[in-house]
Each structure stands twice: as C-alpha cells, then as structure tokens.
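In: Here is my input; please provide its structure:
(one chain, ligands or ions: 1)
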Amino acid sequence: MAHSFLSIENLTQRFASGKGEDLTVFEDASFGIEKGEFVCILGHSGCGKSTIMNILAGLAEPTSGVVLMDGKEVSGPSLDRGVVFQNYSLMPWLSALKNVTFAVAARYPRWSKAKVVEHSTQYLAMVGLQGDAIHRKPAQLSGGMRQRVSIARAFANHPKLLLLDEPFGALDALTRGTIQDELLKIWGGTEQTVFMITHDVDEAILLADRILLMTNGPYARVAESVEITIPRPRKREEIIEHPNYYLIRNHLLHFLGTRSKVLSGQRTGQGSNRPQTIRLDRMEETATESEDPAQATSLRAVNE
Ligand SMILES: Nc1ncnc2c1ncn2[C@@H]1O[C@H](COP(=O)(O)OP(=O)(O)OP(=O)(O)O)[C@@H](O)[C@H]1O
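Out: The predicted structure follows:
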C-alpha cells in the first residue's frame, strides 16, 4: 500500500498507572493523512488525542509503532512541523512581532533582518494584527490576540505539517469565528497539511476535509474517518443550509453520544486498526435513482 504524506502505523501508547497495571491508551492505531488535507480529530476527554498530537509533533515517543512523514520516521521536534497549543506558548519577554521573527529567523537563517521582519509583519497582518499591537508583549494583549500571534508564528514558518491542539478553546465565540476564517484563508493559499484537535463539532465541520472519530479509552480506537461532503469555500452562515450539514452533524453527535462508548474497549484483534471511511452525501443519492426522499441519504462505509 502506498504511504500517505503522513502515515501513522500501528501506534500503541501505554503508561504505567502506578497500580502495577499499565494503562493502554490506544493500541495499533493506524491512519494516513494526505498532503494538503485538513483533518480534525474528535473524541471524548482522555481518549488520547493529545497523546497522538505529541507523538506527531515529536515531543513524545510511542510505546510502539511509527509515524512517517514524507516516508521518513518522525523523531524529535522539527521545523517541518509547527505546533499551536491552547495555551499560546509565546515567549513573554518578547513583543508579538519578535515572537514571530525569532521563529522565522531560525527557519530561514540566510534571510536578511529586513526580510524576516517584513515576512513576519505580513503574517501578523493576515491574522488581523497590525500597528501598535505587534510591538506589545503577550501580557499586554488579549487572549484572542495572543492566539493570533501563535497562529501567525506557526504559519509564517511554512511547516509542512501544522498541528493544532484545541487552538481556539479559550476564545470567545466571536473571536473564535474570526480566527477560524483567517485560518481557512491562510490554509487555502498554501500547500500545508493540518491536523487539529477540537471538541467543537461545528468547528470541525466548517474546517475539515475529514473528521477522525475516536472511541473512548482505554483501548481507544480511531474508529471512523468521516468525509465532509460540503464544498469549499465554506461560510459559517451558509454552511448550515447545505443538505449534508445536519446529516454529518447528527452522525458525529450520535457517535460521540452513544457509539464512542459502545465501541469503547472493543479490541479488533491482531493487526492495525484502520478507521472506516464514512461518506454521507444527500446530493449523490438524489442525483441518482432514489425517488423516496426518506431514502435519499447515502451512507457508504468503505474499509480503507
Ligand atoms: N505522561 C502520562 N502518564 C500517565 N498517563 C498519561 C500521561 N499522559 C496522558 N496520560 C493518560 O492517557 C490518557 C489520554 O490522555 P490525553 O491527554 O491524550 O487525552 P485527550 O484525548 O487529549 O484528552 P483531553 O480532550 O481531555 O485533552 C488519559 O487517561 C491520561 O490520563
């Protein structure tokens, strides 16, 4: 089988629980992400999303299994992988601009100082930060502004893979909406691949090409890969009008509400656990033979 751009192969994570027995967070998890894809992962608290993210970032080692990016094994952090966490992780003693230039200068050591500043300023402007604000230190910025700085910093470095761990979790709904739009705009203009953790079903539908659904832990599984069959560009106000919107949303909510528990702890035996591909598309079905509107729902499950 040809490898994806990002290939997660038989990833297993166990932690010593302190009571003598190990905690198996997930076992033999396998999935791929293609170049340029925007993939979100949804699952209940504790199922292992951040653990997967940390392994992808090279910040943690799995108990067994490998992650390949462009065919090469991921080990240790790299400038090819940009990470945005919920808690901003900005350097408090540097201005917003310097937080970005610091990273850009490390990524492009041969660039002149002027070019580094120009490039960084441009990315800050893309997330709506300009003028006096970019010379302020993180403590003098609002939470939303700080999060914009970390997003600008990550994007300005053109990582091949952008890892976002609940990047908008701490923001109010309005700011969240604005930054989601900015993120889509920047991502749309680049070749970047995005992997994002979120707890927000609507955010995932708005942003993702595919949503990975995890069952509850321990022995959590990435059980499904749900395609978002809503064309881009997507607008927050219009997306809910799309015939597939509630179809997909209900499927996700049902999984999170019921099936994530039912499927939890079910071990599928030996070998890699690949998610089932789910494609829900009312349009496909209505465009073909179905005459009964109640039947005009296509649910195709394809084993990868
Ligand atoms: N270093 C560690 N040592 C022991 N157990 C750990 C460690 N890191 C994570 N865990 C456990 O592994 C499980 C998965 O944790 P993880 O943070 O990946 O979950 P999550 O899905 O990201 O949760 P949340 O949505 O709440 O952030 C949890 O039961 C957690 O307690």
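In: only C-alpha atoms for contact and neighbour calcs from this point on.
Out: Will do.
In: Can I get the top helix by length along the chain in CSV? Just the C-alpha atoms.
Out: What stands out as the longest helix in the chain, according to DSSP state H, is helix 173-188. What follows is helix 173-188, C-alpha atoms only, in CSV (Å, rounded to 0.1, in the frame of the first residue of the first chain):
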residue,chain,number,x,y,z
ALA,A,173,-17.3,32.8,20.1
LEU,A,174,-16.8,36.0,18.1
THR,A,175,-13.0,35.9,18.2
ARG,A,176,-13.1,32.2,17.5
GLY,A,177,-15.1,32.7,14.4
THR,A,178,-12.8,35.4,13.1
ILE,A,179,-9.7,33.3,13.6
GLN,A,180,-11.3,30.3,12.1
ASP,A,181,-11.9,32.4,9.0
GLU,A,182,-8.3,33.6,9.0
LEU,A,183,-7.0,30.1,9.4
LEU,A,184,-9.1,28.9,6.4
LYS,A,185,-7.9,31.8,4.3
ILE,A,186,-4.2,31.1,5.0
TRP,A,187,-4.5,27.4,4.7
GLY,A,188,-6.4,27.8,1.4
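In: which helices and strands does that helix pack with?
Out: helix 143-156 (3 or more Cα pairs under 8 Å, 6 or more residues apart in numbering; DSSP states H and E).
In: Enumerate the positions of the helix it packs on that are buried.
Out: Within helix 143-156, the residues that qualify as buried are 143-156, counting by 16 or more other Cα atoms under 10 Å.
In: so which of those would you say is closest to the ligand?
Out: Closest to the ligand out of those is Q147 (17.9 Å), distances taken as Cα to the nearest ligand atom.
In: Around the ligand, which positions in this structure sit nearby?
Out: 15, 25, 44-51 (Cα under 6 Å from any ligand atom).
In: For these, name the two members farthest from one another.
Out: Spatial extent of the residues of the chain next to the ligand (Cα to Cα) is set by the pair F15 and H44 at 18.5 Å.
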